[in-house]
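**Student:** What follows is a predicted protein model with its sequence.
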Amino acid sequence: MTTSAPAVPAVADTGRQPALLEVDGLTVRFRLRDAVVHAVTDLHLTTQPGELLAVVGESGCGKSVLAHALLGLLPGNATVTGQARLHPSTGEPVDLVGCGERQLRAVRGRRIGLVPQSPATALTPVRTGRRLLEETLRAHGRTRREATPAADRLAADVGLAAADLDRYPHELSGGMAQRLATALALAPDPPLLLADEPTTGLDRPLVEHTLDLLRRRCDNGAAVLLITHDLAAARRVADTIAVMYASRIVEHRPADALFDAPAHPYTAGLLDALPERAFRPVPGHPPMLTDLPVGCAFAPRCDRATAVCHEPPGSSGTGVGRVACHHRLTTGAPA
Ligand SMILES: Nc1ncnc2c1ncn2[C@@H]1O[C@H](COP(=O)(O)OP(=O)(O)OP(=O)(O)O)[C@@H](O)[C@H]1O
Ligand code: NI
(Lines give C-alpha, C1' and ligand atoms only; values in the text may rest on other atoms or scores of the structure.)
(Ligands and ions follow the chains in the order given, each with its own letter.)
Protein backbone atom coordinates (compact mmCIF):
# COMPACT_ATOMS: atom_id res chain seq x y z
CA MET A 1 0.00 0.00 0.00
CA THR A 2 1.43 3.33 -0.93
CA THR A 3 0.25 6.80 -1.75
CA SER A 4 3.37 7.70 -3.66
CA ALA A 5 3.28 9.05 -7.16
CA PRO A 6 3.31 6.38 -9.84
CA ALA A 7 6.73 4.92 -10.31
CA VAL A 8 8.52 6.77 -13.04
CA PRO A 9 10.53 4.48 -15.25
CA ALA A 10 14.18 5.13 -14.57
CA VAL A 11 15.96 6.79 -17.42
CA ALA A 12 18.47 4.42 -16.03
CA ASP A 13 20.98 3.76 -18.48
CA THR A 14 18.92 3.75 -21.63
CA GLY A 15 21.03 5.14 -24.38
CA ARG A 16 24.02 5.45 -22.08
CA GLN A 17 27.38 3.86 -22.70
CA PRO A 18 28.34 0.65 -20.91
CA ALA A 19 29.16 1.36 -17.30
CA LEU A 20 32.72 1.61 -16.05
CA LEU A 21 31.58 1.01 -12.48
CA GLU A 22 28.39 -0.80 -11.61
CA VAL A 23 27.31 -0.89 -7.98
CA ASP A 24 24.36 -3.09 -7.14
CA GLY A 25 22.85 -3.36 -3.70
CA LEU A 26 26.11 -2.47 -1.96
CA THR A 27 25.67 -2.64 1.81
CA VAL A 28 28.21 -2.05 4.58
CA ARG A 29 27.71 -2.85 8.25
CA PHE A 30 30.16 -2.23 11.08
CA ARG A 31 29.97 -4.48 14.10
CA LEU A 32 30.45 -2.69 17.38
CA ARG A 33 30.41 -4.38 20.78
CA ASP A 34 26.74 -3.75 21.37
CA ALA A 35 25.41 -2.33 18.11
CA VAL A 36 25.59 -2.53 14.33
CA VAL A 37 26.30 0.61 12.28
CA HIS A 38 24.32 0.75 9.04
CA ALA A 39 26.89 2.77 7.12
CA VAL A 40 25.84 2.04 3.50
CA THR A 41 22.54 0.43 2.57
CA ASP A 42 21.42 -1.10 -0.71
CA LEU A 43 23.33 1.31 -2.90
CA HIS A 44 22.92 1.29 -6.66
CA LEU A 45 25.16 3.39 -8.87
CA THR A 46 26.70 3.35 -12.28
CA THR A 47 29.32 5.60 -13.75
CA GLN A 48 30.20 5.87 -17.41
CA PRO A 49 33.56 6.86 -18.86
CA GLY A 50 33.46 10.64 -19.12
CA GLU A 51 30.97 11.05 -16.29
CA LEU A 52 31.47 13.13 -13.18
CA LEU A 53 29.17 11.80 -10.48
CA ALA A 54 28.94 13.84 -7.28
CA VAL A 55 27.90 12.11 -4.06
CA VAL A 56 26.58 14.64 -1.56
CA GLY A 57 25.04 14.46 1.89
CA GLU A 58 25.54 15.49 5.49
CA SER A 59 28.46 14.38 7.60
CA GLY A 60 28.30 10.72 8.61
CA CYS A 61 25.84 9.58 5.93
CA GLY A 62 28.24 6.99 4.49
CA LYS A 63 30.08 8.73 1.64
CA SER A 64 33.64 7.83 2.63
CA VAL A 65 32.64 4.31 3.62
CA LEU A 66 31.27 3.87 0.10
CA ALA A 67 34.63 4.90 -1.41
CA HIS A 68 36.57 2.66 0.95
CA ALA A 69 34.25 -0.28 0.29
CA LEU A 70 34.96 -0.01 -3.44
CA LEU A 71 38.69 -0.30 -2.79
CA GLY A 72 38.58 -2.96 -0.07
CA LEU A 73 39.94 -0.50 2.48
CA LEU A 74 37.47 -1.06 5.30
CA PRO A 75 38.60 -2.27 8.74
CA GLY A 76 38.03 -5.80 10.04
CA ASN A 77 34.73 -5.05 11.79
CA ALA A 78 33.09 -4.24 8.43
CA THR A 79 30.89 -6.61 6.46
CA VAL A 80 30.28 -5.78 2.81
CA THR A 81 27.49 -7.38 0.81
CA GLY A 82 26.02 -6.69 -2.61
CA GLN A 83 28.02 -6.15 -5.74
CA ALA A 84 30.42 -3.64 -7.22
CA ARG A 85 31.95 -4.38 -10.58
CA LEU A 86 34.59 -2.49 -12.48
CA HIS A 87 34.50 -2.94 -16.24
CA PRO A 88 37.91 -1.94 -17.56
CA SER A 89 38.13 -1.00 -21.23
CA THR A 90 40.27 -4.07 -21.75
CA GLY A 91 40.21 -7.33 -19.85
CA GLU A 92 37.71 -9.03 -17.60
CA PRO A 93 35.37 -7.21 -15.22
CA VAL A 94 36.62 -7.06 -11.64
CA ASP A 95 34.33 -8.02 -8.77
CA LEU A 96 35.45 -5.42 -6.24
CA VAL A 97 33.55 -6.97 -3.32
CA GLY A 98 34.52 -10.59 -3.82
CA CYS A 99 37.90 -10.51 -5.53
CA GLY A 100 40.27 -10.51 -2.58
CA GLU A 101 43.28 -8.49 -1.56
CA ARG A 102 45.68 -9.63 -4.28
CA GLN A 103 43.48 -8.43 -7.11
CA LEU A 104 42.51 -5.29 -5.23
CA ARG A 105 46.17 -4.32 -5.01
CA ALA A 106 46.29 -4.31 -8.79
CA VAL A 107 43.17 -2.14 -8.89
CA ARG A 108 44.10 0.47 -6.28
CA GLY A 109 45.88 3.43 -7.75
CA ARG A 110 46.14 2.04 -11.26
CA ARG A 111 42.50 1.38 -12.14
CA ILE A 112 40.76 3.25 -9.36
CA GLY A 113 42.53 6.22 -7.81
CA LEU A 114 41.62 7.63 -4.41
CA VAL A 115 42.08 11.14 -3.12
CA PRO A 116 41.60 10.39 0.59
CA GLN A 117 39.60 12.65 2.83
CA SER A 118 42.46 13.25 5.27
CA PRO A 119 45.54 13.37 3.07
CA ALA A 120 47.91 14.63 5.75
CA THR A 121 47.61 11.33 7.61
CA ALA A 122 47.87 9.27 4.41
CA LEU A 123 51.21 10.75 3.27
CA THR A 124 54.41 8.92 4.20
CA PRO A 125 56.22 11.36 6.52
CA VAL A 126 59.83 10.51 5.62
CA ARG A 127 59.71 11.27 1.90
CA THR A 128 59.38 14.60 0.17
CA GLY A 129 56.42 15.23 -2.08
CA ARG A 130 58.69 14.93 -5.11
CA ARG A 131 60.02 11.58 -4.02
CA LEU A 132 56.51 10.26 -3.33
CA LEU A 133 55.30 11.49 -6.68
CA GLU A 134 58.28 10.21 -8.66
CA GLU A 135 58.07 6.80 -6.95
CA THR A 136 54.40 6.58 -7.84
CA LEU A 137 55.06 7.57 -11.43
CA ARG A 138 57.86 5.00 -11.74
CA ALA A 139 55.74 2.29 -10.16
CA HIS A 140 53.29 2.96 -12.97
CA GLY A 141 55.63 2.70 -15.88
CA ARG A 142 57.53 5.99 -16.15
CA THR A 143 61.29 5.85 -16.46
CA ARG A 144 63.52 7.67 -13.98
CA ARG A 145 64.21 10.29 -16.64
CA GLU A 146 60.51 10.83 -17.40
CA ALA A 147 59.43 10.92 -13.77
CA THR A 148 60.94 14.31 -12.88
CA PRO A 149 59.24 16.41 -15.56
CA ALA A 150 56.03 14.40 -15.13
CA ALA A 151 56.07 15.22 -11.40
CA ASP A 152 56.52 18.91 -12.18
CA ARG A 153 53.63 18.78 -14.63
CA LEU A 154 51.35 17.09 -12.11
CA ALA A 155 52.33 19.62 -9.44
CA ALA A 156 51.46 22.44 -11.81
CA ASP A 157 48.16 20.74 -12.67
CA VAL A 158 47.09 20.69 -9.04
CA GLY A 159 48.38 24.21 -8.35
CA LEU A 160 51.47 23.25 -6.35
CA ALA A 161 54.73 25.16 -6.89
CA ALA A 162 57.68 22.98 -7.90
CA ALA A 163 59.56 24.19 -4.79
CA ASP A 164 56.75 22.90 -2.58
CA LEU A 165 57.39 19.41 -3.91
CA ASP A 166 60.74 19.40 -2.12
CA ARG A 167 59.08 19.73 1.28
CA TYR A 168 58.26 16.91 3.65
CA PRO A 169 54.59 16.25 4.38
CA HIS A 170 54.79 17.85 7.86
CA GLU A 171 56.09 21.03 6.24
CA LEU A 172 53.00 21.31 4.06
CA SER A 173 49.85 23.23 4.95
CA GLY A 174 46.59 21.27 4.89
CA GLY A 175 45.76 22.70 1.49
CA MET A 176 49.20 21.81 0.07
CA ALA A 177 48.92 18.24 1.42
CA GLN A 178 45.51 18.06 -0.22
CA ARG A 179 46.97 19.09 -3.58
CA LEU A 180 49.85 16.64 -3.22
CA ALA A 181 47.36 13.84 -2.48
CA THR A 182 45.44 14.77 -5.60
CA ALA A 183 48.63 14.73 -7.69
CA LEU A 184 49.52 11.30 -6.28
CA ALA A 185 46.09 9.93 -7.16
CA LEU A 186 46.34 11.34 -10.68
CA ALA A 187 49.88 10.06 -11.31
CA PRO A 188 48.86 6.56 -12.53
CA ASP A 189 46.19 8.19 -14.72
CA PRO A 190 43.39 5.91 -13.44
CA PRO A 191 40.24 5.55 -15.56
CA LEU A 192 38.19 6.00 -12.37
CA LEU A 193 39.03 8.46 -9.61
CA LEU A 194 37.32 8.55 -6.23
CA ALA A 195 37.89 12.05 -4.89
CA ASP A 196 36.80 12.31 -1.25
CA GLU A 197 36.41 15.99 -0.37
CA PRO A 198 39.39 16.93 -2.57
CA THR A 199 38.96 20.66 -2.02
CA THR A 200 39.15 20.71 1.80
CA GLY A 201 41.45 23.46 3.04
CA LEU A 202 41.72 25.17 -0.34
CA ASP A 203 40.76 28.78 -0.92
CA ARG A 204 38.11 29.54 -3.51
CA PRO A 205 40.34 29.97 -6.59
CA LEU A 206 42.09 26.68 -5.83
CA VAL A 207 38.76 24.99 -5.18
CA GLU A 208 37.67 25.99 -8.65
CA HIS A 209 41.03 25.06 -10.14
CA THR A 210 40.77 21.56 -8.62
CA LEU A 211 37.16 21.08 -9.69
CA ASP A 212 37.97 22.14 -13.22
CA LEU A 213 40.91 19.72 -13.26
CA LEU A 214 38.54 16.87 -12.34
CA ARG A 215 36.08 18.03 -14.98
CA ARG A 216 38.80 18.02 -17.63
CA ARG A 217 39.68 14.45 -16.72
CA CYS A 218 36.12 13.46 -17.46
CA ASP A 219 36.10 15.43 -20.68
CA ASN A 220 39.12 13.34 -21.66
CA GLY A 221 37.26 10.11 -20.99
CA ALA A 222 37.95 9.25 -17.34
CA ALA A 223 35.22 8.94 -14.72
CA VAL A 224 35.25 10.75 -11.40
CA LEU A 225 33.20 10.06 -8.30
CA LEU A 226 33.39 13.31 -6.35
CA ILE A 227 32.41 13.12 -2.69
CA THR A 228 31.60 16.55 -1.36
CA HIS A 229 29.63 18.58 1.17
CA ASP A 230 29.78 21.47 -1.25
CA LEU A 231 26.69 21.60 -3.44
CA ALA A 232 28.04 24.58 -5.33
CA ALA A 233 31.04 22.45 -6.27
CA ALA A 234 28.77 19.66 -7.42
CA ARG A 235 26.77 22.08 -9.50
CA ARG A 236 29.87 23.49 -11.13
CA VAL A 237 31.20 20.21 -12.48
CA ALA A 238 28.90 17.23 -11.99
CA ASP A 239 26.90 15.48 -14.69
CA THR A 240 24.88 13.52 -12.17
CA ILE A 241 24.34 13.88 -8.44
CA ALA A 242 23.54 11.17 -5.91
CA VAL A 243 22.18 12.50 -2.61
CA MET A 244 22.83 10.23 0.37
CA TYR A 245 20.87 10.32 3.59
CA ALA A 246 21.45 7.97 6.52
CA SER A 247 23.35 5.39 4.44
CA ARG A 248 21.05 5.35 1.42
CA ILE A 249 20.86 7.20 -1.87
CA VAL A 250 17.57 9.09 -1.71
CA GLU A 251 17.81 10.91 -5.05
CA HIS A 252 20.08 10.34 -8.03
CA ARG A 253 19.51 12.57 -11.03
CA PRO A 254 21.20 14.68 -13.66
CA ALA A 255 22.73 17.71 -11.94
CA ASP A 256 20.74 20.39 -13.76
CA ALA A 257 17.42 18.66 -13.18
CA LEU A 258 18.18 18.12 -9.53
CA PHE A 259 19.07 21.77 -8.97
CA ASP A 260 16.13 23.07 -10.97
CA ALA A 261 13.50 20.77 -9.48
CA PRO A 262 14.63 18.63 -6.55
CA ALA A 263 12.31 15.67 -6.11
CA HIS A 264 13.22 14.45 -2.63
CA PRO A 265 12.32 16.74 0.29
CA TYR A 266 15.82 16.21 1.70
CA THR A 267 17.42 17.42 -1.52
CA ALA A 268 15.11 20.44 -1.46
CA GLY A 269 16.22 21.05 2.14
CA LEU A 270 19.90 20.91 1.18
CA LEU A 271 19.32 23.38 -1.65
CA ASP A 272 17.37 25.71 0.66
CA ALA A 273 20.36 25.71 2.98
CA LEU A 274 22.57 27.28 0.30
CA PRO A 275 23.55 30.90 0.99
CA GLU A 276 22.37 31.97 -2.45
CA ARG A 277 18.96 30.39 -1.81
CA ALA A 278 16.98 30.59 1.45
CA PHE A 279 20.07 30.04 3.63
CA ARG A 280 17.87 27.96 5.92
CA PRO A 281 19.47 24.82 7.35
CA VAL A 282 17.60 21.52 7.24
CA PRO A 283 15.93 21.41 10.67
CA GLY A 284 16.85 18.65 13.11
CA HIS A 285 19.62 16.08 12.92
CA PRO A 286 20.26 12.89 10.99
CA PRO A 287 19.37 9.68 12.84
CA MET A 288 21.87 7.37 14.51
CA LEU A 289 23.05 4.77 12.01
CA THR A 290 22.83 2.17 14.78
CA ASP A 291 19.10 2.74 15.14
CA LEU A 292 17.46 3.47 11.81
CA PRO A 293 13.70 3.34 11.38
CA VAL A 294 12.14 0.76 9.09
CA GLY A 295 10.49 3.42 6.98
CA CYS A 296 11.90 6.65 5.58
CA ALA A 297 14.84 7.79 7.72
CA PHE A 298 14.20 11.42 6.78
CA ALA A 299 10.55 11.42 7.91
CA PRO A 300 11.22 12.86 11.40
CA ARG A 301 12.72 15.98 9.75
CA CYS A 302 10.33 16.18 6.84
CA ASP A 303 7.37 18.55 6.68
CA ARG A 304 5.65 16.32 4.13
CA ALA A 305 5.78 13.16 6.24
CA THR A 306 2.59 11.20 6.87
CA ALA A 307 1.77 7.80 8.31
CA VAL A 308 2.82 6.06 5.11
CA CYS A 309 6.40 7.18 5.69
CA HIS A 310 6.66 4.50 8.37
CA GLU A 311 6.93 2.11 5.45
CA PRO A 312 10.06 1.94 3.32
CA PRO A 313 9.69 4.33 0.40
CA GLY A 314 9.56 2.59 -2.91
CA SER A 315 11.86 4.18 -5.37
CA SER A 316 11.60 4.92 -9.01
CA GLY A 317 14.42 2.94 -10.49
CA THR A 318 17.88 2.07 -9.31
CA GLY A 319 20.12 4.33 -11.35
CA VAL A 320 19.83 7.88 -12.62
CA GLY A 321 16.22 8.87 -11.99
CA ARG A 322 15.99 7.23 -8.58
CA VAL A 323 13.92 9.10 -6.01
CA ALA A 324 13.12 7.25 -2.78
CA CYS A 325 10.17 9.11 -1.31
CA HIS A 326 6.46 8.59 -0.67
CA HIS A 327 5.76 12.28 -1.29
CA ARG A 328 8.15 13.41 -3.97
CA LEU A 329 8.02 17.08 -4.88
CA THR A 330 8.06 16.80 -8.62
CA THR A 331 6.23 14.26 -10.64
CA GLY A 332 6.70 13.46 -14.27
CA ALA A 333 9.95 12.78 -15.96
CA PRO A 334 12.68 12.87 -13.34
CA ALA A 335 15.42 13.84 -15.75
N1 LIG B 1 35.36 1.54 11.45
C2 LIG B 1 34.15 1.94 11.78
N3 LIG B 1 33.45 1.36 12.77
C4 LIG B 1 32.21 1.79 13.10
N5 LIG B 1 31.56 2.78 12.46
C6 LIG B 1 32.20 3.40 11.47
C7 LIG B 1 33.53 3.03 11.05
N8 LIG B 1 33.91 3.82 10.02
C9 LIG B 1 32.87 4.66 9.80
N10 LIG B 1 31.85 4.39 10.64
C11 LIG B 1 30.55 5.07 10.68
O12 LIG B 1 29.96 4.96 9.41
C13 LIG B 1 29.17 6.11 9.15
C14 LIG B 1 29.51 6.70 7.81
O15 LIG B 1 30.80 7.28 7.89
P16 LIG B 1 31.48 8.04 6.68
O17 LIG B 1 32.88 8.32 7.08
O18 LIG B 1 31.26 7.30 5.43
O19 LIG B 1 30.64 9.39 6.62
P20 LIG B 1 30.79 10.57 5.55
O21 LIG B 1 29.49 10.68 4.85
O22 LIG B 1 32.01 10.38 4.74
O23 LIG B 1 30.94 11.82 6.53
P24 LIG B 1 31.90 13.13 6.39
O25 LIG B 1 31.17 14.03 5.45
O26 LIG B 1 31.93 13.65 7.78
O27 LIG B 1 33.22 12.68 5.90
C28 LIG B 1 29.40 7.07 10.32
O29 LIG B 1 28.31 6.94 11.21
C30 LIG B 1 30.66 6.56 10.94
O31 LIG B 1 30.69 6.82 12.30
NI1 NI C 1 33.77 11.31 4.62
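**Tutor:** Thanks, I have the structure now. Ligands and ions are numbered 1, 2, ... in the order given.
**Student:** which stretch of helix or strand covers the residue lying closest to residue 45 once chain neighbours are set aside?
**Tutor:** Counting by CB to CB, 6 or more residues apart in numbering, residue 45 lies nearest to residue 23, which is 4.1 Å off, once chain neighbours are set aside. Glycine gets a C-beta too; all of them are placed from N, C-alpha and C. Here residue 23 sits within strand 21-31, counting by DSSP states H and E.
**Student:** What pairs with that strand, parallel or antiparallel?
**Tutor:** Under the criterion DSSP bridges, strand 21-31 sits next to strand 36-47 (antiparallel), strand 78-86 (antiparallel) in its sheet.
**Student:** could you redo those strands as JSON lines and give each row distance to residue 165?
**Tutor:** Shown next, in JSON lines, are the strands paired with strand 21-31 (distance: least, CB to CB, whole Å):
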{"stretch": "strand 36-47", "distance to residue 165": "31"}
{"stretch": "strand 78-86", "distance to residue 165": "31"}
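**Student:** Nearest to residue 191, out of those?
**Tutor:** strand 78-86 (8.7 Å; CB to CB).
**Student:** Flag every buried residue along the closest one.
**Tutor:** 78, 80, 82, 84-86 (16 or more other CB atoms under 10 Å).
**Student:** Check stretch 21-40 too.
**Tutor:** For stretch 21-40, by 16+ other CB under 10 Å, it's 21-24, 26-30, 37-40.
**Student:** what's the answer for stretch 185-196, then?
**Tutor:** 185-188, 190-196.
**Student:** Off-centre distance for that stretch?
**Tutor:** Put simply, stretch 185-196 sits 12 Å off its chain's centre (CA atoms, centre = their mean, to the nearest Å).
**Student:** That one near ligand 1 anywhere?
**Tutor:** No. Stretch 185-196 stays clear of ligand 1 (CB under 6 Å from any ligand atom), getting no nearer than 7.2 Å.
**Student:** mean confidence for that stretch?
**Tutor:** Averaging pLDDT along stretch 185-196 gives 97.
**Student:** what about that stretch and ligand 2, any contact?
**Tutor:** No. Using CB under 5 Å from the ion, stretch 185-196 never reaches ligand 2; the gap is at least 5.9 Å.
**Student:** quick revisit: mind checking which of the strands paired with strand 21-31 is nearest residue 220?
**Tutor:** Taking the strands paired with strand 21-31 one by one with CB to CB, strand 36-47 is closest: 15.1 Å.
**Student:** In the stretch 1-150 of the chain, where is pLDDT below threshold?
**Tutor:** Applying pLDDT under 70 to the stretch 1-150 of the chain flags the ranges 1-16.
**Student:** Please list the residues of it that sit near ligand 1.
**Tutor:** Within reach of ligand 1 by CB under 6 Å from any ligand atom, the stretch 1-150 of the chain has these residues: 30, 32, 37, 39, 57, 59-65, 75, 77, 117.
**Student:** In ChimeraX, how would I select the buried members of these?
**Tutor:** Selection of the buried residues among those in ChimeraX, burial being defined by 16+ other CB under 10 Å:
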select :30,37,39,57,60,61,62,63,64,65,117
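**Student:** residues contacting the residue of the stretch 201-335 of the chain found nearest ligand 2?
**Tutor:** Taking CB to the ion as the measure, the stretch 201-335 of the chain has residue 227 as its residue closest to ligand 2, at 6.4 Å. Residue 227 is in contact with 54-56, 63-64, 66-67, 117, 194-197, counting by CB atoms under 8 Å, 6 or more residues apart in numbering.
**Student:** Closest one of those residues to residue 273?
**Tutor:** Using CB to CB, those come closest to residue 273 at residue 56, 11.5 Å.
**Student:** Since that was my last question, I'll sign off now.
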